[in-house]
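Peer 1: This is a predicted model, with the sequence first.
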Amino acid sequence: MSNYRIRSLARQYQHLFPEDPRFPLRMFGFEVGDGWHDFIKELLEDLTEIGFEGPIHQVKEKFGTLRFYAIYKNKAEHLLIDNAERMSGMVCESCGLKHIDYADIHGWKGYKRPWGRDPGKGHYVRGMDEGRSWTKTLCNYCHLSEI
């Protein structure tokens, strides 16, 4: 995520972020594409409404979906975070397009995921020809622009 977007979230929700500079969130910021900015902001708003106090340790993309590592105190906080992680697989990480239609999306260069699952669910595996892979959730337009 761009530095401007990270700073805007950090200012608005600074009470949720740990002061210790050794936490991954302080070292690396939000390790996701700009398209998930509004999605993450909505999650932070929802968490704040139900009294979430944090801290948030890390926010990143892993296997094409959001990973939101935080200390939560009750089941409502856990359910909000868990639901957001699952729903992120339907939001383009580059442009933020929601409700990606999986039927219209094809795998990155036709490669399979390293663990053998079908990449046609809106997840594209990058860098397979270089001996490594990265899974991203992209809409058709963003996928085609990154080829």
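Peer 2: Looks like it arrived, so ask away.
Peer 1: for the helix or strand residue 136 falls within, packing partners?
Peer 2: In this structure, residue 136 sits in strand 134-137 according to DSSP states H and E. Contacts of strand 134-137 with other secondary structure elements, assessed using 3 or more CB pairs under 8 Å, 6 or more residues apart in numbering; DSSP states H and E, are made with strand 123-126. To be clear about C-beta, it is placed using only N, CA and C from the backbone, and glycine gets the same treatment.
Peer 1: ok, back up a step: direction included, what does the strand holding residue 136 pair up with?
Peer 2: strand 123-126 (antiparallel) (DSSP bridges).
Peer 1: Let me see the mean pLDDT of the partner strand.
Peer 2: Averaged over strand 123-126, pLDDT sits at 50.
Peer 1: After the strand holding residue 136, which helix or strand is next?
Peer 2: helix 140-146.
Peer 1: Just the buried positions in that following helix, please.
Peer 2: Using 16 or more other CB atoms under 10 Å as the burial criterion, the residues of helix 140-146 that qualify are 142, 143.
Peer 1: For the strand holding residue 136, output the C-alpha coordinates as CSV.
Peer 2: Only the C-alpha atoms of strand 134-137 are listed here, as CSV (Å, rounded to 0.1, in the frame of the first residue of the first chain):
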residue,chain,number,x,y,z
TRP,A,134,3.0,-15.1,-5.5
THR,A,135,-0.8,-15.2,-5.4
LYS,A,136,-2.8,-12.1,-5.9
THR,A,137,-6.5,-11.4,-6.1
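Peer 1: Centre of the chain to that strand, how far?
Peer 2: The chain centre lies 10 Å from the centre of strand 134-137; the measure is CA atoms, centre = their mean, to the nearest Å.
Peer 1: Can you show me the helices along this structure?
Peer 2: Taking DSSP state H, the helices of the chain run over residues 3-12, 24-28, 37-49, 75-87, 140-146.
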